[in-house]
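Asks: Here is my input; please provide its structure:
(one chain, ligands or ions: 1)
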Amino acid sequence: MSERVGRVREVTSLANPLVKDIKALALKKFRDQQNAFMAEGLKLVIDALDLGWSIRTLVFAKSALGNAAVEKVAARTVAAGGTVLEVSEKVLSAITRRDNPQMVVGVFAQRLQPLKSIRPAGDDVWIGLDRVRDPGNLGTVIRTADAVGAKGVILIGETTDPFSLETVRATMGSIFAVPVARATAEAFLEWRKGFPGLVAGTHLKGAVDYRTVKFEGRPTLLLMGNEQQGLPDELAKSCDRLLRIPQAGRADSLNLAVATGVMLFEIRRSALTLEPGGME
Ligand code: SAM
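Replies: Numbering: from 1, shown residues only. You can find the predicted model right below:
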């Protein structure tokens, strides 16, 4: 590493306390204690810095020494008051629990959007996820929300952690671009009373074909049910419409993230192409 980047510590031991703290971030308990999480990959770390996320530690592989982009990120980390660790591949593998780890890992402060600060307007689309359990599903929904230009994701009830390694990996960097809020079912239902647009739930027994709804000209809150149980009655009752995606074949339902993707692209398509006066 060049002279420009001071404060780089070289670490080769798994017993190093800084490394131990980062390794501990694999567990939710320690992520919450440290209010931190890990993201792997140079591009992700650059995107996160560009989007104003606060970096605590940058870890990079010895083999990345001399890489201009890595040096630049290291300098930005130091300028932001963070620590830079140059580590062996063995340490990187242990931190990320991967045999072939990325050469750069960033540790960032967690950030959630307070539910009360969400004030939808215009054609804003928000997604509510009821008790989502699977990190791959949550990460994929966050990534898809980003791709479709949705405003953010609200996690309702006990859900998988948006800051776990698995979820962050599945978001492919969208964790840094899409605001995430968390709420109990009670707090969500209270907030929902003030929602100024259409609350569209999805349900296998939904009475309305999702292709017949007019989404434009008002905010939409798309409410998706838990992987095993679907939407509970109290959340289903709070919806203006319960929508069904018609299926053929023997599968009794779609995967949660797939159903969310189908809905989100329909909402965007409909908002762009439906004539006023389309079915509500
Ligand atoms: N056994 C669950 C049930 O009875 O609802 C299946 C849940 S499904 C795996 C997860 C969520 O994806 C559902 O709660 C719903 O929000 C959405 N979903 C999946 N397939 C759907 C479909 N064909 N129509 C509407 N929503 C669907």
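
Asks: what pairs with the residue of the stretch 1-150 of the chain found nearest the ligand across the strands?
Replies: For the stretch 1-150 of the chain, the residue positioned closest to the ligand under C-beta to the nearest ligand atom is residue 130, at a distance of 7.3 Å. From N, CA and C alone the C-beta is placed, and that goes for glycine too. Judged by DSSP bridges, the bridge partners of residue 130 are residue 156.

Asks: May I ask you to confirm that it is in contact with residue 233?
Replies: No - the pair residue 130 and residue 233 fails to qualify as a contact (C-beta atoms under 8 Å) at a distance of 11.5 Å.

Asks: neighbour-wise, which of these two wins?
Replies: Residue environment comparison for residue 130 versus residue 233 gives the larger neighbour count to residue 130, 25 against 7, counting by other C-beta atoms under 10 Å.

Asks: what sits against the more buried one?
Replies: Residue 130 makes contact with 156, 157, 185, 223, 224, 225, 226, 231, 232, 235, according to C-beta atoms under 8 Å, 6 or more residues apart in numbering.

Asks: change it to 10 Å
Replies: By C-beta atoms under 10 Å, 6 or more residues apart in numbering, the contact list for residue 130 reads 154-157, 159, 185, 188, 201, 223-227, 229-232, 234-236, 256.

Asks: Let me know the pLDDT of it.
Replies: Residue 130 is assigned 98 on the pLDDT scale.

Asks: Equivalent analysis for residue 277, please.
Replies: Taken from the predicted model, the pLDDT recorded for residue 277 is 48.

Asks: pLDDT of stretch 29-42, averaged?
Replies: Over the span of stretch 29-42, the pLDDT mean works out to 97.

Asks: In that stretch, which residues are buried?
Replies: By 16 or more other C-beta atoms under 10 Å, the buried positions in stretch 29-42 come out as 31, 34, 36, 37, 38, 39, 40, 41, 42.

Asks: Could you dump those into TSV and include distance to the ligand and secondary structure?
Replies: Output for those, formatted as TSV (distance: C-beta to the nearest ligand atom, whole Å; DSSP: H, G, I helix; E, B strand; the rest coil):
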residue	distance to the ligand	secondary structure
31	26	helix
34	32	helix
36	31	strand
37	26	strand
38	28	strand
39	27	strand
40	28	strand
41	29	coil
42	35	helix
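
Asks: So in this structure, which helix runs the longest?
Replies: In the chain, ranked by residue count with DSSP state H as the criterion, the top helix is helix 256-273.

Asks: Which strands or helices does that helix pack on?
Replies: Applying 3 or more C-beta pairs under 10 Å, 6 or more residues apart in numbering; DSSP states H and E, one finds that helix 256-273 makes contact with strand 125-130, helix 135-148, strand 198-202, strand 220-224, strand 241-244.

Asks: among these, which is the most enclosed?
Replies: Mean neighbour counts were compared across these using mean count of other C-beta atoms under 10 Å; the top stretch is strand 220-224, at a mean of 27.

Asks: roughly how far is the following helix or strand past that one from the heart of the chain?
Replies: Helices and strands here follow DSSP states H and E; after strand 220-224, the next one along the chain is helix 233-237. Between the mean C-alpha point of helix 233-237 and the mean C-alpha point of its chain there is a distance of 25 Å (C-alpha atoms, centre = their mean, to the nearest Å).

Asks: touching the ligand at all, helix 233-237?
Replies: No - counting by C-beta under 6 Å from any ligand atom, the ligand has no neighbours in helix 233-237; the shortest distance is 9.4 Å.

Asks: as a whole number, average confidence for that helix?
Replies: Average pLDDT, helix 233-237: 98.

Asks: in that helix, what's buried?
Replies: Those buried within helix 233-237 under the rule 16+ other C-beta under 10 Å are 235, 236.

Asks: What helices and strands are in contact with that helix?
Replies: Using 3+ C-beta pairs under 10 Å, 6+ apart: helix 233-237 touches strand 125-130, helix 185-192, strand 198-202, strand 220-224.

Asks: Quick check: residues of the stretch 151-280 of the chain near the ligand?
Replies: Proximity of the stretch 151-280 of the chain to the ligand (C-beta under 6 Å from any ligand atom) is limited to residues 202-204, 206, 224-225, 227-231, 244-245, 247, 253-254, 256, 259.

Asks: let's see it at 8 Å
Replies: Within the stretch 151-280 of the chain, the residues that sit near the ligand (C-beta under 8 Å from any ligand atom) are 201-204, 206, 210, 223-231, 243-247, 252-256, 258-260, 263.

Asks: which residues in the stretch 51-200 of the chain form helices?
Replies: Along the stretch 51-200 of the chain, counting by DSSP state H, counting those that start in this stretch, helices occupy 68-79, 89-96, 135-148, 165-171, 185-192.
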